[in-house]
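>>> Pasting the sequence and the predicted coordinates here, then a few questions.
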Amino acid sequence: MANGGTYRGRLRSAAAVGLAAVATALAGQSPAAAAPTEFDLPQSPVGVDISHPQCDATLPDARAFAIVGVNGGVATEANPCLAEQLEWAWASNGSVPEQPVAQLYLNTANPGQVRGLVSTWPSTGETPYGECDGENSTACSWRYGWERARDSVTEVFQPAAREAEVDSLASSYRWWLDVETMNTWQAGSDEARERNRATLEGMAGYLDFRGAEVGLYSTNQQWQEIVGTVPGDSPLAGLPSWLAGSVTVAQAVEACELPPLVPRSRVTLTQYVPDDLDRNHSCR
């Protein structure tokens, strides 16, 4: 895991261009029209999601919407080309009305079982689960999630000095929590999965505090392994689901009918990866 100082420094250097792109979008400028391509399939208007692996890639000119990863593969590192990718995202053609043209996703993790190996595990802080005392507890897991989301949001928008400006900019995005087994999670018991759930609740809690819309990305298999069954009174219940795992657009359309990740949710996006670029179908 990278330390928090490195993370903040890298995101701060990217923030200025990202803010300019956001300001343009908030000013109400219409996105440029794009020539019809394979991305304009009438049966499945297509979005694209990208992050640090696409820093040097040629990105498609035509896409209905775009989702950009804030982090550099793990929750404590930054996407080094976030600013230019955000600018690209805001130029999406907006042909799917129910999907914001530019969205973001955050990497998630809970390293509480190896907290001695990381510098970002919290030692204090109030939470809905009580006071964090630095141990591998539900409270500290929640606090860890809150702090990871806080760092991502405040550092992306760091040049906006006033709290109200940060709130306005953060709430202009839909933020997805990316839950995958490749990141560091607690394992081995129902209690471990409850702590993982608390981390995601902390992240969602911070984003909600900023006025942002929040969703959950995973596959049902990975979600069950990491989080398990989410109770109906969890703050995660009711958040929209973005399901990964499809290869073709036909599979992605069918995946809209799969169970959502949490109670009272619905599947609003499905991802498919036919080649080296992630594409996304909006479930209507």
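It's in.

>>> Leu86 in helix, strand or coil?
helix (DSSP: H, G, I helix; E, B strand; the rest coil).

>>> Check whether it really touches Ile67, as I assumed.
No - counting by C-beta atoms under 8 Å, Leu86 does not reach Ile67; the two are 10.8 Å apart. (Glycine included, C-beta is placed from N, CA and C.)

>>> which one of these two has more residues nearby?
Between Leu86 and Ile67, counted using other C-beta atoms under 10 Å, the more crowded position is Ile67 (29 against 26).

>>> need the strands for the stretch 151-284 of the chain, in chain order.
For the stretch 151-284 of the chain, the strands defined by DSSP state E, counting those that start in this stretch occupy 174-178, 213-218, 241-246, 267-272, 278-282.

>>> what about those strands, which gets the closest to Ser137?
strand 174-178 (20.7 Å; C-beta to C-beta).

>>> any idea which element Arg150 lies in?
Using DSSP states H and E, Arg150 falls within helix 138-156.

>>> quick one: that helix to strand 213-218, angle?
Helix 138-156 and strand 213-218 are oriented at 110 degrees to each other (axes from the mean of the first three to the mean of the last three C-alpha atoms, to 10 degrees).

>>> Packing partners of helix 138-156?
helix 4-26, strand 102-107, strand 126-127, helix 163-170, helix 190-209 (3 or more C-beta pairs under 8 Å, 6 or more residues apart in numbering; DSSP states H and E).

>>> mind listing what the shortest one pairs with, with the direction of each?
Applying DSSP bridges, strand 126-127 is found paired with strand 130-131 (antiparallel).

>>> How far off centre is the partner strand?
Offset of strand 130-131 from its chain centre (C-alpha atoms, centre = their mean, to the nearest Å): 26 Å.

>>> got it, and stretch 156-176?
The chain centre lies 15 Å from the centre of stretch 156-176; the measure is C-alpha atoms, centre = their mean.

>>> Tabulate the CA atom coordinates of that stretch in CSV.
Extracted in CSV, the C-alpha atoms of stretch 156-176 (Å, rounded to 0.1, in the frame of the first residue of the first chain):
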residue,chain,number,x,y,z
VAL,A,156,-9.6,15.4,-6.5
PHE,A,157,-11.2,18.7,-5.7
GLN,A,158,-8.5,20.1,-3.5
PRO,A,159,-8.2,23.5,-5.3
ALA,A,160,-11.8,24.3,-4.3
ALA,A,161,-11.1,26.0,-1.0
ARG,A,162,-14.6,26.2,0.4
GLU,A,163,-16.6,23.2,1.7
ALA,A,164,-19.6,24.3,-0.4
GLU,A,165,-17.5,24.1,-3.6
VAL,A,166,-16.3,20.6,-2.8
ASP,A,167,-19.9,19.5,-2.1
SER,A,168,-21.1,21.0,-5.4
LEU,A,169,-18.4,19.3,-7.4
ALA,A,170,-18.6,16.0,-5.7
SER,A,171,-22.4,15.8,-6.1
SER,A,172,-22.0,16.4,-9.8
TYR,A,173,-20.9,12.8,-10.2
ARG,A,174,-22.3,9.3,-9.6
TRP,A,175,-19.6,7.4,-7.6
TRP,A,176,-19.3,3.7,-7.8
